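Novice: what shape does this take:
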Amino acid sequence: MTSPHEVRSFRAIRRTAAQTRVLDAALVLIAEHGVSGTSLQMIADAMGVTKAAVYRQFRTKEEIVIAITEREMAALEDALDDAEAGGPRAREVLLDRMVDQAIDRRGVVSALNFDPVIIRLQGEYEPFQRFVERLYATLLGTEAGVEARLHAAILSSAISVCVMHPLVADVDGDTLRVHLKSLTRRMLGLSE
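Specialist: I've put the predicted structure just below:
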């Protein structure tokens, strides 16, 4: 695993094909059983390999969870860099990317945002904390602080809870996308 102090860019982290297969299998299992209910043996079984084969890629389940988080954040990193540079409509593009990712990953959003083990590990992982601070400071146009964190929590909850809420479980992704983008843009005072 990359040292937290070495991580400058999530998208620069390279994973082998074997590591990617582990992450893919683990993500499906974690979404279904949570981190605590998922073992390295379950991951190995899902992949059709031995537990030792999984262990050669990642020494612990915690390393797998961090790698999954890094991969998810990498998908937002280009849009964040552009938004920080202040290009035209960059904040809107970043917000749209967040909404798109949440909708495209509906099946795993709950696990990634609400599993207590993932929350703890993300809270302890400095690169994730730095990324989230950058993300919401840019998106909200605020400095760090209690008010900024509160606004970030409200916005991220609006997105992540909405995509998995039982009231919209039967709503197709395209319809959900249109309405959620409109709602979150209004929340941020952005043009629709």
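
Novice: what does stretch 142-162 contact?
Specialist: 98-99, 102, 109-110, 113-114, 132-133, 135-137, 139-140, 168, 176, 180, 183-184, 187-188 (CB atoms under 8 Å, 6 or more residues apart in numbering). Every residue, glycine included, has its C-beta placed from N, CA and C.

Novice: likewise stretch 66-83?
Specialist: Counting by CB under 8 Å, 6+ apart, 1, 7, 9-11, 13, 15, 19, 23, 26-27, 30, 58, 90-91, 93-94, 97-98, 101, 105, 112, 118, 121-122, 125, 127-128, 131, 134-135, 138-139 sit against stretch 66-83.

Novice: in strands, which of those fall?
Specialist: When those are checked against strands (DSSP state E), there are no matches.

Novice: any of these buried? List them.
Specialist: 7, 10, 13, 19, 23, 26-27, 30, 58, 90-91, 93-94, 97-98, 101, 105, 112, 118, 121-122, 125, 127-128, 131, 134-135, 138-139 (16 or more other CB atoms under 10 Å).

Novice: what values do phi and psi take at residue 115?
Specialist: The phi/psi pair for residue 115 (degrees, to the nearest 10) reads phi -70, psi 130.

Novice: check the one 10 residues further on too.
Specialist: Backbone torsions of residue 125, given as degrees, to the nearest 10, read phi -100, psi 100.

Novice: how much space between it and residue 52?
Specialist: 26 Å (CB to CB, to the nearest Å).

Novice: again, but for residue 175
Specialist: Distance from residue 175 to residue 52, counting by CB to CB: 46 Å.

Novice: just residue 15 next, same as before
Specialist: Counting by CB to CB - residue 15 and residue 52 are separated by 19 Å.

Novice: by mean pLDDT, flag the weakest helix or strand of this structure.
Specialist: Least confident helix or strand of the chain, by mean pLDDT, DSSP states H and E, is helix 106-114 with a mean of 75.

Novice: which elements pack onto that one?
Specialist: In terms of contacts (3 or more CB pairs under 8 Å, 6 or more residues apart in numbering; DSSP states H and E), helix 106-114 is packed against helix 17-33, helix 61-85, helix 116-124, helix 146-164.
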